[in-house]
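# build me a model from this:
(3 chains)
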Amino acid sequence: MTSANTRSLPSNRYFSPLPAQRELASELHQTIVDLPLVCPHGHVDPRLFADPDYNFGSPTELLLIPDHYVFRMLYSQGISLESLGIPRTDGGQTETDHRRIWQTFSEHFYLFQGTPTGIWLADELNSVFGINEKISARNAQAIYDHIDQQLQAPEFNPRQLFHQFNIEVLCTTDSAIDTLEHHRAIQESDWQGRILPTFRPDTVLNLKTSGWKNNISALSEVSGIEVVDYRTFVQALEQRRTFFKSMGATATDHGAYTAYTEMLNSVEADAIFQRALQGVVTDDDATRFTGHMLMEMARMSTEDGLVMQLHIGSFRNHNTALFDQFGADAGADIPIATDFTRDLRALLNAYGNDSRFALILFCLDETAYARELAPLAGHYPAVKLGPPWWFHDSINGMRRFFDQVMETAGIYNTAGFNDDTRAYPSIPIRHDVWRRASADWVAGLQLSGLIDEEDARMIVRALAYDLAKQSYRL
Amino acid sequence: MTSANTRSLPSNRYFSPLPAQRELASELHQTIVDLPLVCPHGHVDPRLFADPDYNFGSPTELLLIPDHYVFRMLYSQGISLESLGIPRTDGGQTETDHRRIWQTFSEHFYLFQGTPTGIWLADELNSVFGINEKISARNAQAIYDHIDQQLQAPEFNPRQLFHQFNIEVLCTTDSAIDTLEHHRAIQESDWQGRILPTFRPDTVLNLKTSGWKNNISALSEVSGIEVVDYRTFVQALEQRRTFFKSMGATATDHGAYTAYTEMLNSVEADAIFQRALQGVVTDDDATRFTGHMLMEMARMSTEDGLVMQLHIGSFRNHNTALFDQFGADAGADIPIATDFTRDLRALLNAYGNDSRFALILFCLDETAYARELAPLAGHYPAVKLGPPWWFHDSINGMRRFFDQVMETAGIYNTAGFNDDTRAYPSIPIRHDVWRRASADWVAGLQLSGLIDEEDARMIVRALAYDLAKQSYRL
Amino acid sequence: MTSANTRSLPSNRYFSPLPAQRELASELHQTIVDLPLVCPHGHVDPRLFADPDYNFGSPTELLLIPDHYVFRMLYSQGISLESLGIPRTDGGQTETDHRRIWQTFSEHFYLFQGTPTGIWLADELNSVFGINEKISARNAQAIYDHIDQQLQAPEFNPRQLFHQFNIEVLCTTDSAIDTLEHHRAIQESDWQGRILPTFRPDTVLNLKTSGWKNNISALSEVSGIEVVDYRTFVQALEQRRTFFKSMGATATDHGAYTAYTEMLNSVEADAIFQRALQGVVTDDDATRFTGHMLMEMARMSTEDGLVMQLHIGSFRNHNTALFDQFGADAGADIPIATDFTRDLRALLNAYGNDSRFALILFCLDETAYARELAPLAGHYPAVKLGPPWWFHDSINGMRRFFDQVMETAGIYNTAGFNDDTRAYPSIPIRHDVWRRASADWVAGLQLSGLIDEEDARMIVRALAYDLAKQSYRL
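Coordinates of the predicted model:
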């Protein structure tokens, strides 16, 4: 299955085809390859670390079923989600034979040629599991066996991998109404890995969230503040932020359809909130309330110092039939065009010049990179740009980001890398792809005489480590 | 005029300047250079093949007058369309001396430096007519003579070129009210070339088409169904689709200003249709009706299996004065920004998960590639992406397409190449440009360690041949 | 401070890392390096040339305080504008120690790694002041001394630099209500440098300009036509254009938020104008009036032959607090998305086919390049495309412009380069960056077999010199 030398991937992979650039990129990459991984934003489940005996399950449970990057591509080619073992919301029947699912996946692995998912999987199988063959129909079961065997080994557990992966800190993403019990368990354990929560209040800020009223009840309960109006809502949120901060959080995270912001007065805000409690909120209410609450979150950040992340522009659950059958995160979230210049102006005018405030922006509309995001980050002291997000967390996505952002924003108004993943074992590979893409880009700058060697080394280090740590106040 | 060796164009043309990539691209190109041409979408006139003695006319009639790519560029530099022999709609006087037109064109051939038109013309003159000099004022008449002479040769006719060009199948684009008489003539002839019609109903679906009522009368006539209301309109369209399919069609084609779709109920649809018959239709009526009829076309495609093509986002006849003098297709169609995520959602929600349905999308707003089109194609089973269209059917346009689409959509959710041309003799060159651009892109992937040689060969073949054939069910 | 050889910058700087391309680019660059600089659009103050003894002041006054590219980047990293000596509108205290400001700047010079500002400054310090060290905290004061010393030398004055820089002609940008006294002084002096005014009427055309009524009074005064209604307003503008033309102007320049154009009749136009005089103009009034006046400017251009420049899409003074403290041009102008296809149609339909008219378009939304600008320029005889503007006047910005514009517009529908700068000593560097970027791009075309050597040389010359001169009728 595996050769003696499991590092069979080309050492110069993902660099430019130009020999001089490959060589320099490789040298630069060597200067950062051993830096610890700073993981300030992602979706790894804290239970992995709370339970000292956590087991990943089968190869299919680890690598396929939870990864909507994988199953959306198979689905796009007509393979049903049922046949891939994706659980139905109605509990209806789905494939339970994990070997059969793995076989289906393997027979279609060619679909991932040239995609980030293809790279991550191949690299992960190689570096984590020591597999250096390309997945195919022929070797599917042998690879399954090989992975399965390793997954049962006692050293193959999340805590040990954390150190093996050289992770310095890993931040999870946690609902505002989460009790952070898993984080508490980690902190109370004798394990020393640094796992921090991140405050994500979308499900209470967005009045159109399904189950919003239940979420408000839960918010009352966890905060100990009975939320009956806008004033108590804000108090409860402040309480939760204080709690998250006490549990080690350094950041909040917010997802919104657009970057629209608007300051409501407390009477307007309360009127909308009351309509929401009564279940008669309009779309316009919800848009304005989210826009207002983003400003409130910014205000609180100036006060408590939590870094504010803003992820903009995904049309969630675009495919209604699929959503009805499989729920959210089924690979059917599609980006839309985004305006930051006008939409975010109210928030930036209120807090953008405040040195206590830090705002990290993410979007799925790359046209905003050079047009809006880089000029905003290159002006407002509070603004930093997050790395390419989601569909753009790829070799080309990174190249476009570097090319379109850096000349105007400058390198030091960006926030380094974050892997944004729930696929824990893929973390080292994702960081390595970023580090390689950075090194290659910086090598190009140096070879073109735009920067010198000293600058080149400073930049690759900043992109690999320093900027993430500083931007997230870790 | 021509040297003994008429292949004087550099064999590595259009590849990257990097030697290692050129070499690998060239090797990959060699593996596909002899594959037959699949031409699933274009605008070649079927008369070329219906008439066994079809004559192309003069070099100017063949290469200049019908090609709005050529004359729009000359016009943009102040050369009147009259002086280029473009017919006026009022029958007014235009230049009739084809040698003089050719001279004017030749004196301005430098305007096409680095443009696709420049490449196509140079390559076509070289490979089809054996001319290896650059067109200039000096050699204009000699080149005219040379082409003219060959055009008179008996072997220089469309049917013979079809085989010489190694075309496997060529689909034309035909109005819904076309009787397909030329297609019938081809099928009834003893010539074996595979020429298929494509069903294009724009002029009856778009209520704002000039002459719409006449088109409806024609539809009644050709279908044998008297169209008096929405119900009979749909029946007549179904009749035409059945007829086109019986004549070999495998696809429909639709052009629309935006991708807006909306399901009307039959009462609403009929009310709008009646207003249209009475000549009192509003812009909003027309937009909604087109949006609804696109959904109807999708429904019919799920039933009859015709692949649905959708071309979005051209502001037609932008230059009113020119339109009044020269009519449509005068080089004055200008793209607009396009939204697929929201506009196409109704249609995709209704039919996007249906495995019987195939929808191939084209647009002129490249910002939709990475933001909307690739995520849609990488999710919905029905969606495939057409190749770069119109202005983007160029070396850079293809590079941008590969770079922005493939990582997210995957290669196998694209539909290969189509030449989309009415310039019949340019077909082999257009395919060759695509094949070279593909080979170069794939060579870059291989050299960067993103794919291996096996994958590289599979991909270039898919892009050159397999994907077009499969996507169009040919 | 400086070595004997002050040209220590790599001679192949800013070219591709690919050796063959660098070499060819270098050869092509050599063919244009000695061509005079044509500067058809910029913001150099004509006083520099009116006063034969003009002194640039300190290094900080020359290079930092007036350059919002420099101080916006420092501000984005939390350095106050007060500490950089930027004057407050309320006359409040700011840093006056120019050496201290220079030190602050130098300590943060790493922020400009890989940015155009970083390149311009390094190159300017090298080629104009003979400094070949990288600016740092350590050498800050020594570099300050060195520059300061040279600034005091008698040969270091704008008139002498004009010839040293090999400038053929330099156009300034002047308010419609400017008396052009400095231009008159230049023309009446015995100095032979060609400095021309450009007519910029934004502050009277845009009814929302602060102080608009005062501007109208000033317009009445300078034109000698009492502006009391729309008719006299137009007369006064015509008078000013005639005056500017008599002073050597060949062009006008217009900045607008969007490209919206609309023809009002004179009754509508006058009604809006009267509301403006009464101070009751609405946003919609202002938008329509600007749209109308752009058309009037186009009409006048067809009559007087002044080339019309249009700069679209900057959200000015985005940061209200900063605007209140420091006024306009404080580095807080942020681009927005732009539509030319629909917005500019009225103007193009009226004048776009007129051979007397020349319109040069600029925008900050690169998505319009391939989608709208190139197709418009590749069709309308009047339209030319200006070079990459502002944030996009950079190596990558130029690459994107070449790649996205040229295939469709053709090279000869672009307007060459303009430096658009108020930083006079940076002019040669800015042109050199453009020339290098052009040479590199053209070298790539030649190496890819898209053009031959003859074309390559013609193109680099056109881009460096001919197109600017022709497009601006200089």
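
# list the contacts of A:I167.
A:P36, A:L37, A:C39, A:G193, A:I427 (CB atoms under 8 Å, 6 or more residues apart in numbering or on different chains). Backbone N, C-alpha and C define where each C-beta goes, glycine included.

# next, count neighbours for the second one.
Other residues near A:L37 come to 22 when the count uses other CB atoms under 10 Å in any protein chain shown.

# hang on, it packs against A:H163?
No. Contact between A:L37 and A:H163 fails when scored by CB atoms under 8 Å: they sit 11.0 Å apart.

# of the contacts of A:I167 - the most surrounded one?
Of these, with other CB under 10 Å as the count, A:C39 tops at 29 neighbours.

# and that residue, what does it touch?
A:C39 neighbours (CB under 8 Å, 6+ apart): A:I167, A:V169, A:L170, A:C171, A:N418, A:D419, A:I427, A:H431.

# 6 Å instead?
A:C39 makes contact with A:L170, A:D419 under the criterion CB atoms under 6 Å, 6 or more residues apart in numbering or on different chains.

# could you check the pLDDT of it?
Looking at A:C39, its pLDDT reads 98.

# ok, the spatially most central residue of chain A - contacts?
Chain A has A:D420 as the residue nearest its centroid, 1.8 Å off, counting by CA atoms, centre = their mean. Residues near A:D420 by CB under 6 Å, 6+ apart: A:H41, A:G42.

# chain C contacts on chain A?
Contact residues (CB under 6 Å from any CB of the partner chain) of chain A with chain C: A:18, A:21, A:341, A:349, A:353, A:355, A:367, A:371, A:375-376, A:378-379, A:381, A:403, A:406-408, A:410-413, A:444-445, A:447-451, A:455.

# now A:A464, nearest residue through space, not along the chain?
Spatial nearest neighbour of A:A464, excluding adjacent residues (CB to CB, 6 or more residues apart in numbering or on different chains): A:I32 at 4.2 Å.

# okay, the residue located most distally from the centre of chain A and chain B: tell me how far apart.
The centre of chain A is farthest from one residue, A:V267, which by CA atoms, centre = their mean lies 35.7 Å away. According to CB to the nearest CB, to the nearest Å, A:V267 and chain B sit 33 Å apart.

# can you give me the strands for the stretch 351-474 of chain A?
In the stretch 351-474 of chain A, the segments counted as strands under DSSP state E, counting those that start in this stretch are A:359-363, A:383-385.

# for those strands, give me TSV that also has mean pLDDT, mean neighbour count and distance to B:A236.
TSV is the format used below for these (pLDDT from 0 to 100; neighbours: other CB atoms under 10 Å in any protein chain shown; distance: least, CB to CB, whole Å):
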stretch	mean pLDDT	mean neighbour count	distance to B:A236
strand A:359-363	98	26	46
strand A:383-385	98	25	55
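
# ok, which of the ones you listed comes nearest chain B?
Ranking the strands of the stretch 351-474 of chain A by distance to chain B, with CB to the nearest CB as the measure, places strand A:359-363 first at 9.7 Å.

# sheet partners, orientation included, of that closest one?
strand A:307-312 (parallel), strand A:383-385 (parallel) (DSSP bridges).

# for A:L9, which non-adjacent residue is spatially closest?
What sits nearest to A:L9 in space, not counting adjacent residues and going by CB to CB, 6+ apart, is A:N126, at 5.4 Å.

# about what we covered before: am I right that the residue nearest to A:A464 is in contact with A:V460?
Yes. With contact defined as CB atoms under 6 Å, A:I32 reaches A:V460; the gap is 5.3 Å.

# of those two, which one has the most company?
A:V460 (25 against 20).

# show me where the stretch 51-200 of chain A has its helices.
A:59-63, A:68-76, A:98-107, A:116-127, A:140-152, A:158-164, A:181-188 (DSSP state H, counting those that start in this stretch).

# right, and the ones you listed - which one's nearest B:D283?
B:D283 lies closest, by CB to CB, to one member of the helices of the stretch 51-200 of chain A: helix A:68-76, at 35.3 Å.

# contacts for the closest one, please.
So helix A:68-76 is in contact with A:64, A:81, A:84, A:86, A:108, A:111, A:117, A:329, A:331, B:378-379, B:381, B:410, B:413, going by CB under 6 Å, 6+ apart.

# equivalent analysis for stretch A:329-337, please.
A:68, A:72, A:313-316, A:318-319, A:322, A:364-365, B:341, B:371, B:375-376, B:379.

# put the buried members of the residues you listed into a PyMOL selection.
PyMOL command restricting the contacts of stretch A:329-337 to the buried ones, with burial defined by 16 or more other CB atoms under 10 Å in any protein chain shown:
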select buried, (chain A and resi 68+72+313+314+315+318+319+322+364+365) or (chain B and resi 341+371+375+376+379)
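
# for the contacts of stretch A:329-337, which one is nearest C:M297?
Nearest member of these to C:M297, counting by CB to CB, is A:D365, at 33.5 Å.

# now the closest one: how far from chain B?
5 Å.

# nearest residue to that residue other than its sequence neighbours?
Take A:D365 and drop its neighbours on the chain: the residue closest to it by CB to CB, 6+ apart is A:T338, 4.2 Å away.

# is the one you found in contact with A:A368, as I believe?
Yes. Assessed by CB under 6 Å, A:T338 is found in contact with A:A368 at 5.4 Å.

# quick one, which of these two is more surrounded?
Between A:T338 and A:A368, A:A368 has the larger neighbour count (other CB under 10 Å), namely 28 against 24.

# list the contacts of that one.
A:T338, A:F340.

# any buried residues in stretch A:62-75, and which?
By neighbour count with 16+ other CB under 10 Å, stretch A:62-75 contains the buried residues A:62-75.
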